[in-house]
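K.L.:
all I have is the shape, not the residue letters:
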């Protein structure tokens, strides 16, 4: 079992996301994370799907996805040289005593403070999954009030044939 | 040309070559039915939308053309669901048009609103909700294209009322369909074909396992040539029945749970399994680890996702079966008899030792297998046979010797009780010159009996042979074998008088309780030309379907039939 990242190009039409998620649910595949949005072409969407499975499962996922009429292309970019990023917003407890310490952590991770409340801070961080996990871990001791992640998006480096 | 959406719809149907649609009107479809009033497309009025769906399916299976059905919004559309799922599981090309509330009302829980595209998402090949009248022509074209190409399947097209009512300038579009995410499969990978031929030449004990894909692809004559050239015995799945003549010496009949013993032995002993248009369904493989355990496997299918789904494959070939078999046949030299001789002799011995057999009739009681054999004799094996689901279906599959594709209509994948009779109606409308018989059970026939009115109205001489054991026989059989005879809610003794019921609808009813009356009753029914006939055969109540592989056991572990 291994985590795979699938870059899926689809028609940008209502219901396409439902078709994809229905397929995963019906066939019993588990989506680890999913990010979707329009691309440089407004008629085309791009989904980045993280899914766990051995090679056979991933092969089935790919073949089943290809059967969806609205799916145009699927690339398993797990083994490709690629850049992947995730964005996370973390609301952390931060009274006056610990603020300085939190600011320091934020700097180390090159994250940003985007909101200051009376007893909380909202921190925005981007990075690969390892970095996101590390910053989450570092802030845990202060008490995380709320956390939202976008899911991973990824892109292959350089020009592809 | 200024046309209403509904008129454009009918224009497009004619463009697709549609001559018949099966439907049931309703509020949301008023514009469509108004357009149909002046149209020369034949509309067959079902008595329940499920009946319309199965009739379109029977029409499609009997002809290979796309079946078309029409149901109104809300309950009309949801009544189609079982028929759509039935077609989906068996890869049958259907285009199902459903009425929908006006676009302004969608999402407002309007009267008779149901999210039918959402509901049918997992049971359609694709579906559409048309939002603009301008899109009607393109969507209809795509729907038919998707339904009939590659691995066929049902496509739902949802038609909001205002989209059908609006008038636009219509310009017919004769361009080929081109869909970015959908390519029609063409061509054959020669490399894999060479690998396949290599395995075929080396095999000492080869076996062909042929399924519904052979029928769909129209590859029956290529299969016959392939089997005879290679001297390779052929077993078929339930869906593959008719793809290979059961009277051919190389035929082993059906394999699987209620397959012949010799087919199941052959698949367990073969050293090469050539899987053609099949999907290694659990009713075929039973215990998957022991299925064809000594064999290398060649799998040819149009759907890449079927290859490697359930078992590992040595030589995968994705393509149109007809095309692939033509290439194989052109490259395969005629195999000498002696090459497979030992294997063919072993199979002959199994055939002699373990033929299909059933207990003889006692005290004039009627054995269901005998009824099926008589139907075969009296129709010369040329009839189109539809079945319901359960024991009736298995007896029909075992004892009617099918010779031609598209003559056995059965719900193989979904196992839909109530399928057979409406499917028989669809087949009779498609093939008026053929004898069409529904082999039914007393349980299943009650699930769509209302369609008798359709057969009477359109003067369709469809024959319904009810193998009446006053039980839900297949479930009762399992209760008898695996639940110590606790016949929980499977006794169907409370049932209508089927003869009177037939007469009430204006059909003919015949009751048969004696062995000696079986043949005369079938002869009498076959002579009727203008109305349906129900023959109510009161059969031996506790007759079982044998042989039988218990669920999850290995295929060599067969009960009964000795």
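P.N.:
Everything's here; your move. Just so you know, these numbers come straight off a predicted model, no measurement behind them. Numbers count the residues shown, from 1 in each chain, chains lettered A, B, ... in the order given.
K.L.:
helix or strand for residue B:316, which one?
P.N.:
Assigned by DSSP states H and E, residue B:316 falls within strand B:315-318.
K.L.:
please name every helix or strand in contact with that strand.
P.N.:
Using 3 or more CB pairs under 8 Å, 6 or more residues apart in numbering or on different chains; DSSP states H and E, the elements in contact with strand B:315-318 are helix B:190-202, strand B:296-301. Where C-beta positions appear, they are placed from N, C-alpha and C, glycine not excepted.
K.L.:
give me the contacts around that strand.
P.N.:
Strand B:315-318 has contacts (CB atoms under 8 Å, 6 or more residues apart in numbering or on different chains) with B:185, B:188-189, B:192-193, B:195-196, B:199, B:296-304, B:307-308, B:324.
K.L.:
and those near chain A, which?
P.N.:
Contacts with chain A are made by B:303-304, B:308 out of these, judged by CB under 8 Å from any CB of the partner chain.
K.L.:
and the residues you listed as a markdown table, adding neighbour count and secondary structure?
P.N.:
Below are those laid out as a markdown table (neighbours: other CB atoms under 10 Å in any protein chain shown; DSSP: H, G, I helix; E, B strand; the rest coil):
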| residue | neighbour count | secondary structure |
| --- | --- | --- |
| B:303 | 19 | coil |
| B:304 | 20 | helix |
| B:308 | 16 | coil |
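K.L.:
quick one: which of these is nearest to chain A?
P.N.:
Of all those, residue B:304 has the smallest distance to chain A: 5.1 Å, by CB to the nearest CB.
K.L.:
residue A:63 is in contact with the closest one, correct?
P.N.:
Yes - counting by CB atoms under 8 Å, residue B:304 does reach residue A:63; the two are 5.1 Å apart.
K.L.:
so what's in contact with these two at the same time?
P.N.:
Overlap of the contact sets of residue B:304 and residue A:63 (by CB under 8 Å, 6+ apart) is empty.
K.L.:
buried ones in stretch B:179-197?
P.N.:
Within stretch B:179-197, the residues that count as buried by 16 or more other CB atoms under 10 Å in any protein chain shown are B:181-182, B:188, B:192-193, B:195-197.
K.L.:
that should have said stretch B:445-457, apologies.
P.N.:
Buried, per 16+ other CB under 10 Å, within stretch B:445-457: B:445-456.
K.L.:
list the buried ones in the longest strand along chain A?
P.N.:
If each strand of chain A is counted by residues according to DSSP state E, the longest one is strand A:82-93. Across strand A:82-93, burial judged by 16+ other CB under 10 Å covers A:85-88, A:90-93.
K.L.:
make a markdown table out of the residues you listed and add distance to residue B:534.
P.N.:
Shown next, in a markdown table, are these (distance: CB to CB, whole Å):
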| residue | distance to residue B:534 |
| --- | --- |
| A:85 | 69 |
| A:86 | 66 |
| A:87 | 68 |
| A:88 | 68 |
| A:90 | 72 |
| A:91 | 72 |
| A:92 | 76 |
| A:93 | 77 |
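K.L.:
just give me the closest of those residues to residue B:479.
P.N.:
Within the buried residues of strand A:82-93, the smallest distance to residue B:479 is 54.7 Å, found for residue A:86 (CB to CB).
K.L.:
now do the contacts for the residue nearest to the closest one when sequence neighbours are not counted.
P.N.:
The shortest distance from residue A:86 to any non-neighbouring residue, by CB to CB, 6 or more residues apart in numbering or on different chains, is to residue A:152 (4.8 Å). Residues near residue A:152 by CB under 8 Å, 6+ apart: A:5, A:33, A:35, A:48, A:50, A:84-86, A:128-129.
K.L.:
of those residues, grab the buried ones for ChimeraX.
P.N.:
Listed next is the ChimeraX selection for buried residues among the contacts of residue A:152, using 16+ other CB under 10 Å:
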select /A:5,33,35,48,50,85,86,129
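K.L.:
quick revisit: can you tell me which of the buried residues of stretch B:445-457 end up in helices?
P.N.:
Taking DSSP state H as the definition of helices, those contribute B:452-456.
K.L.:
so which of those residues comes closest to chain A?
P.N.:
Closest approach to chain A among those (CB to the nearest CB): residue B:454, at 33.2 Å.
K.L.:
the closest one reaches residue B:54, doesn't it?
P.N.:
No - judged on CB under 8 Å, residue B:454 makes no contact with residue B:54 at a distance of 11.2 Å.
K.L.:
fine by me, thanks again.
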